[in-house]
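Peer 1: any chance you could fold what I've pasted below:
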Amino acid sequence: MPNIELWYHDENEVDERHSWLSNSPALVACTQRRNYENCSYSKVLALVEYARPDFILTVDGAPILSCEVTMMNPSGHNMPQRFSCLLRSAEMGVPSLFYYPYYARRSTSDPQPRYLNVRVPLAQLRLSSIFETPSLSLFWPTDPKSLQPTRDIAKHRDLAMFVEYTLNSYLATGRTLSMHDPEVARIQNMMRKASRPVTGYDLNPSFRHYFPHGDPFTKSVLGDIAIDPPCSCKVVPTESLLTETYRQFGKNFNAYKRQKKVKLLLSRDKTFVYKGTANAQKTGPEHPFPGYLTLLDILYLRNDFGQTPRDRSMNLAFRLPIPVDAYVKNAVNRPTGLNILMEFSDFIILKDAVVLGGWMRNVAAGAILVGR
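Peer 2: Residues are numbered from 1 along each chain as shown. A predicted model of the protein is given here:
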């Protein structure tokens, strides 16, 4: 008999007494449930390198599905911040599922429902296209009376049935779900429909300067419109950005152009800059922003077959107003937010220094680009 396990970091996510799992007696009967802390499977441990998915389904130690579940405000930052888990699954060829409300009230003080941030399903569709691994959305039902995500466990049958379907498919074929699976195709069609905005999305002037017709992938999905990056992001000439940054640090950029690290950055003539917010301790970023960074990377920066951060059309920079001493000190512990920034940003503009991240840091054999 195969060894079927559900791995979690919060037992409530897979507790049949008060979670989606009660809708599948078959899963209740056949699965063992364990905390990630007790896991020795290399592929499961690799899946939690960026952040911990809510649960992972394995058969004989092989992950066949990674899931994120949230009932938070669908228009807010909570959804995009979870994207790093979906990206990590795709990098490892493991199908992923994101379960969240399509629309719901934000709070008791706001009577109007908020609709999902359409960049989430759009980025999942692009993620699936790039890695040829399904990354899917299913929607947490909304109570029609309260307009809040329902807490009625019986309403979460779709989630249970999909997990059960994934398991049965693997047991029958020995393979994880593919892009050609009919259930995958059905869900992706639903995601395309959900990606059409109910409310307006602002144009991003700096992005439209270089892409006057908008983002080609989102336009290919929606047909008549394209969805721009948030206006908190800017696309700027790389050399202009570095010249101004060096000037602020009291340095003449022209004197540094021949350095290997600088040449790496200048090899891409444009840079996508995301302005983040420091946490209260000024030791790293607020949690939501780094996960959103991975979504923006996939949706707007990756080349059509770009499976690594090196395969980008422009640099990815993050502004983080903390001192370099705090950055260096906390980099050792690699808390989730800082960990994602260090792996995905080509460079991070700190309060008093610029540091390289990801592949650029590794190739250049050093992180510090310039400081005061």
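Peer 1: buried residues in the longest helix anywhere in the chain, which are they?
Peer 2: Longest helix of the chain, by residue count under DSSP state H: helix 157-173. Across helix 157-173, burial judged by 16 or more other Cβ atoms under 10 Å covers 158-164, 166-167, 169-170. In this view, the C-beta of every residue, glycine as well, is placed from N, C-alpha and C.
Peer 1: neighbours of K257, how many?
Peer 2: 12 (other Cβ atoms under 10 Å).
Peer 1: which residues touch it?
Peer 2: 263, 266 (Cβ atoms under 8 Å, 6 or more residues apart in numbering).
Peer 1: can you offset everything so residue one is 68?
Peer 2: Got it, first residue is 68 now, which makes that one K324.
Peer 1: how about the backbone phi and psi for V422?
Peer 2: Main-chain dihedrals, V422, degrees, to the nearest 10: phi -120, psi 150.
Peer 1: can you pull the pLDDT of the most centrally placed residue in the chain?
Peer 2: Most central in the chain under Cα atoms, centre = their mean is F150, positioned 1.9 Å from the mean C-alpha point. pLDDT for F150: 95.
Peer 1: distance-wise, check it relative to S109.
Peer 2: 23 Å (Cβ to Cβ, to the nearest Å).
Peer 1: who's sitting farthest from the centroid in the protein?
Peer 2: Furthest out from the centre of the chain (Cα atoms, centre = their mean) sits A322, at 37.4 Å.
Peer 1: would you check how far apart that one and V329 are?
Peer 2: 10 Å.
Peer 1: could you do T266 as well?
Peer 2: Using Cβ to Cβ, we find T266 at a distance of 42 Å from V329.
Peer 1: more crowded one of these two?
Peer 2: More crowded of T266 and V329, by other Cβ under 10 Å: V329, with 19 against 8.
Peer 1: and what about that one, helix, strand or coil?
Peer 2: Secondary structure for V329, judged by DSSP: H, G, I helix; E, B strand; the rest coil, is helix.
Peer 1: next one: I123
Peer 2: Under three-state DSSP, I123 comes out as strand.
Peer 1: so what's the gap between the longest helix of the chain and the chain middle?
Peer 2: 24 Å (Cα atoms, centre = their mean, to the nearest Å).
Peer 1: flag every buried residue along the next helix-or-strand element following that helix.
Peer 2: Under the assignment DSSP states H and E, the closest C-terminal helix or strand after helix 224-240 is helix 249-261. Residues of helix 249-261 classed as buried by neighbour count (16+ other Cβ under 10 Å): 251, 254-255, 257-258, 261.
Peer 1: got it, and stretch 397-413?
Peer 2: Buried residues in stretch 397-413, counting neighbours by 16+ other Cβ under 10 Å, are found at 397-398, 403-413.
Peer 1: again, but for stretch 431-439
Peer 2: Quick answer for stretch 431-439 (16+ other Cβ under 10 Å): 431, 434-437.
Peer 1: all helices in the stretch 68-217 of the chain, in order from the N-terminus.
Peer 2: For the stretch 68-217 of the chain, the helices defined by DSSP state H, counting those that start in this stretch cover 92-97, 109-114, 145-148, 150-158, 186-198.
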